[in-house]
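>>> below is the sequence, then the predicted model.
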Amino acid sequence: MTRNDHGFHQEMERLDDVPDNRSNSPTLKDRVQQDRRRFLQGSLATAVASFFMAPSSMVLAASSNPSYAGLTGAKIGFKPVPPQLAADFDSVVVPEGYSARPFFSWGDPVVRGASPWRQDASDDWQSQALQAGQNHDGMAYFPFPESPNNRGLLVINHEYINPTLHPNGFTSTKLADGSVQRPEAEVRKEQMAHGVSVIEVHKRGGEWHIVKDSSFGRRITAQTPMQLTGPAAGADLLKTASDSTGKRVLGTINNCSMGQTPWGTYLTCEENWKNYFVNRNPDDYADRREHHRYGVAQNLNSKNYAWDSVDARFNATPDESQPHLGQVNEPNRFGWVVEFDPFDPESEPKKRTALGRLVRECATVTHDKDGRVAIYSGDDTRGEYVYKFIPKDRYQRSNMKANADLLDEGTLYVAVFHDNGEGEWRALELGRYGLTPRNGFHSQADVLINARAAADIVGATPMDRPEWIAVHPSSGEVYVTLTNNKYRGNKPDQPVDAANPRKNNLHGQIVRWREEDDRVDATRFRWEIFLLAGDKPESGAPEHLTGTINGDVFSSPDGLWFDPQGRLWIQTDYGDDDAQNANMGTNQMLCADPKTREVKRFLAGPRGCEVTGVTTTPDGKAMWVNIQHPGLSYPASDRKTRARSTTVLITKTDGGVVGS
């Protein structure tokens with residue numbers, strides 16, 4: 001890891017977060033006005049009229065919202081760690097009474113027969129295909145039933161790659177036409193460093209170990225064959241020269257957050273896939289909403305990697321010789337939720353199109369005692385939306401095989417956050433809310449492939465970069481991190497509103513809601529702001545950089561997860577060298593009590609890293625956390641080679657529950 005990697009990460013962030021929302025179209029404006037008129041003419045006319053003029057502070061106090069009166073708290077028993085402000089800080093700090101040891105790093109063997117990682121990064125793509133990918137992100141622990149707290153599978157996403165993947169960084173040749181040619185060996189290795197790792201972990205002799213040569217070891221990469229399933233499978237917009245059926249696709253990329261189903265499968269989500277493709281035809285790009293609404297690159301090479309110079313799939317420029325096929329539709333085959341069974345290494349992953357195509361951060365699963373299921377997702381770009389998917393059928397605990405294709409039928413909804421603290425889920429279904437041929441939607445496949453454009457039409461609320469979503473394990477209320485939005489209030493399609501109350505929002509917020517009647521399939525909810533991130537009001541920082549945190553300050557909440565006891569874990573992703581974050585120190589993980597809103601800093605990571613991904617054993621006594629692109633000397637899993645993206649194992653020295 002070099003400081004150049006940190007700069008590369010910052011550039012990736014800059015490219016990833018440019019807004020693609022063009023929802024200030026006449027169609028959406030008309031629909032928003034119709035929506036307001038409809039509410040003002042209804043039985044809530046008097047109350048709602050005041051909502052549109054009410055200050056955003058009306059939704060900040062928990063005591064004013066009876067929906068949260070019965071919320072249970074969670075004991076947070078550790079002494080918080082201070083922020084790490086040193087410019088050369090290069091460690092992981094956890095509270096007194098805890099230990100944190102590097103456990104699993106980029107390049108470590110995963111699949112049986114994999115070779116050890118070479119410190120000079122000279123492994124070829126065939127070796128990388130069997131080793132851990134780079135930039136660990138979302139993850140989940142799957143216990144073995146006979147010994148759930150001592151043996152399990154750890155499933156870990158690999159989001160993207162850094163220049164350190166190669167001995168000399170990225171290399172390329174600029175051609176006469178201005179395009180870039182990349183070495184094939186480098187591109188193939190980069191593709192193999194994306195995706196997911198499945199490793200078996202076992203506790204023996206009081207210590208956790210990775211099971212070497214486990215039969216469960218598996219790598220899923222950008223070249224792994226997969227099925228496209230659900231309502232959009234086989235649609236013309238999913239057909240390419242390499243797949244005339246529209247039902248087969250190679251690989252998954254930019255795997256950020258995830259989901260874990262009660263029927264034992266893993267959901268990996270494709271986030272900033274848009275940066276891997278290019279459409280060099282400006283006229284076609286302007287007319288093709290499947291490209292421009294998602295921000296597919298237009299320049300002479302892909303925004304980050306120029307894979308298109310080696311792999312034709314990533315050149316989405318129309319092919320005049322094959323106008324109906326070519327690879328112009330290849331970007332449409334990414335942005336989905338990918339489901340697979342980690343206990344079956346031979347199973348083929350499936351991209352579930354019923355959940356819609358987004359720049360998706362997560363697929364958080366919850367269900368009620370009657371088997372109704374909801375899956376929540378954030379679309380991780382400034383000014384995008386929050387979504388919920390409700391399967392048509394119910395989860396069957398007594399018949400796990402019946403859940404195999406549960407995610408292929410159902411209804412996708414998008415959230416509207418009204419200024420009065422009420423909200424609604426609007427269905428993205430053909431024929432409803434203006435999703436008609438007149439507005440360019442001729443089938444449900446059109447709606448799902450163009451989920452962002454569909455959400456524009458129905459009047460969804462643009463949010464401050466929605467990311468991870470977490471559901472309280474007992475009360476069922478839902479929390480979403482809104483990381484930040486420097487465009488809020490500065491763009492006509494991103495005005496300040498109650499859920500996004502700060503102009504030039506550099507620190508972000510966490511919003512929570514409770515579904516009507518506590519039904520996961522409800523179409524209405526009550527929401528409030530859980531906290532505004534930022535400095536203390538007395539810090540002297542400008543008003544738009546101060547927050548409402550009760551406890552330890554932080555910026556840019558990203559990762560979010562509830563442990564089984566109801567503690568809310570918050571992970572951050574901000575530029576720790578940026579001036580507005582001077583009091584925050586390095587990126588960190590904090591723990592919050594959802595009842596009292598008290599926040600305590602549990603972990604501080606190395607300078608320049610992102611802290612992302614967290615999971616525990618069912619008893620909560622072993623926790624894994626990912627340290628993405630750490631600093632110069634932070635040790636890898638073998639404690640001697642140079643810094644690599646690493647999964648860290650955290651335990652309490654007295655053997656107790658982490659966080660208690």
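Structure received. Numbers count the residues shown, from 1 in each chain.
>>> who are the contact partners of the residue positioned nearest the centre of the chain?
Averaging the C-alpha coordinates of the chain gives a centre point, and the residue nearest to it by CA atoms, centre = their mean is residue 361 (2.1 Å). For residue 361, the contact set (CB atoms under 8 Å, 6 or more residues apart in numbering) comprises 256, 257, 269, 271, 377, 378, 379, 380, 466, 467, 468, 469. (Each C-beta comes from the backbone N, C-alpha and C, glycine too.)
>>> quick check: the farthest pair among those residues?
By the measure CB to CB, 271 and 469 form the most distant pair in the contacts of residue 361, at 13.8 Å.
>>> the nearest residue to residue 116 once chain neighbours are set aside bridge partners, please.
Leaving out its chain neighbours, the residue that sits closest to residue 116 by CB to CB, 6 or more residues apart in numbering is residue 109, at 6.4 Å. Partner residues in beta bridges with residue 109: residue 131, with DSSP bridges as the criterion.
>>> quick check: residue 109 touching residue 115?
Yes - with contact defined as CB atoms under 8 Å, residue 109 and residue 115 form a contacting pair (7.0 Å).
>>> between these two, tell me which one has more neighbours.
The residue with the greater number of neighbours, taking residue 109 and residue 115 and applying other CB atoms under 10 Å, is residue 109; the counts read 19 against 14.
>>> what residues does that one make contact with?
Counting by CB under 8 Å, 6+ apart, residue 109 makes contact with 115, 116, 117, 130, 131, 132, 212, 217.
>>> filter those residues down to the buried ones, ChimeraX style.
Restricted to the buried members of the contacts of residue 109, where burial is judged by 16 or more other CB atoms under 10 Å, the ChimeraX selection command reads as follows:
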select :117,130,131,132,217
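>>> can you put the contacts of residue 109 in JSON lines and add distance to residue 340 and pLDDT?
What follows is the contacts of residue 109, written out as JSON lines (distance: CB to CB, whole Å; pLDDT from 0 to 100):
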{"residue": "115", "distance to residue 340": "25", "pLDDT": "97"}
{"residue": "116", "distance to residue 340": "26", "pLDDT": "96"}
{"residue": "117", "distance to residue 340": "25", "pLDDT": "96"}
{"residue": "130", "distance to residue 340": "18", "pLDDT": "98"}
{"residue": "131", "distance to residue 340": "19", "pLDDT": "98"}
{"residue": "132", "distance to residue 340": "17", "pLDDT": "98"}
{"residue": "212", "distance to residue 340": "23", "pLDDT": "95"}
{"residue": "217", "distance to residue 340": "14", "pLDDT": "98"}
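>>> please produce TSV containing the contacts of residue 109, extended by distance to residue 419.
Converted to TSV, the contacts of residue 109 look like this (distance: CB to CB, whole Å):
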residue	distance to residue 419
115	58
116	57
117	53
130	53
131	50
132	46
212	56
217	51
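>>> let me know the closest of the contacts of residue 109 to residue 539.
Of all the contacts of residue 109, residue 132 has the smallest distance to residue 539: 40.2 Å, by CB to CB.
>>> thinking that closest one is in contact with residue 116, fair?
No - with contacts counted by CB under 8 Å, residue 132 stays clear of residue 116, the gap being 11.5 Å.
>>> which residue ranges form the helices in the stretch 151-300 of the chain?
Ranges of helices in the stretch 151-300 of the chain, per DSSP state H, counting those that start in this stretch, are 184-192, 282-287, 289-292.
>>> may I see the buried residues of the last one?
Neighbour counts using 16+ other CB under 10 Å place 289, 290, 291, 292 of helix 289-292 among the buried residues.
>>> how about the first one?
Across helix 184-192, burial judged by 16+ other CB under 10 Å covers 186, 187, 188, 189, 190, 191, 192.
>>> do the same with stretch 514-532
Judged by neighbour count (16+ other CB under 10 Å), stretch 514-532 contains these buried residues: 514-516, 520-523, 525-532.
>>> which other residues reach stretch 307-315?
Residues external to stretch 307-315 that are found in contact with it (CB under 8 Å, 6+ apart): 172, 179-184, 187-188, 190-191, 240, 242, 250, 276-278, 280, 301-302, 327, 330.
>>> restricted to strands, list those residues.
180, 181, 250 (DSSP state E).
>>> grab the nearest non-local neighbour of residue 392.
The shortest distance from residue 392 to any residue other than its chain neighbours is 4.1 Å, reached at residue 409 (CB to CB, 6+ apart).
>>> does the one you found touch residue 390 like I think?
No - under the criterion of CB under 8 Å, residue 409 lies out of contact with residue 390, with a separation of 10.2 Å.
>>> looking at the helices of the stretch 151-300 of the chain, spot the one closest to residue 476.
Closest of those to residue 476 is helix 289-292, at 35.2 Å (criterion: CB to CB).
>>> who touches the very next helix or strand once past that closest one?
Under the assignment DSSP states H and E, the closest C-terminal helix or strand after helix 289-292 is strand 337-340. Strand 337-340 is contacted by residues 220, 226, 252, 259, 261, 265-270, 347-352, 355, 360, 363, 375, 377, 407 when judged by CB under 8 Å, 6+ apart.
>>> and the helix or strand hosting residue 388, what does it pack onto?
Using DSSP H and E, residue 388 falls within strand 386-391. Taking 3 or more CB pairs under 8 Å, 6 or more residues apart in numbering; DSSP states H and E as contact, the helices and strands that strand 386-391 lies on are strand 373-378, strand 410-417.
>>> partner strands of it and their direction?
Strand partners for strand 386-391, identified by DSSP bridges, are recorded as strand 373-378 (antiparallel), strand 410-417 (antiparallel).
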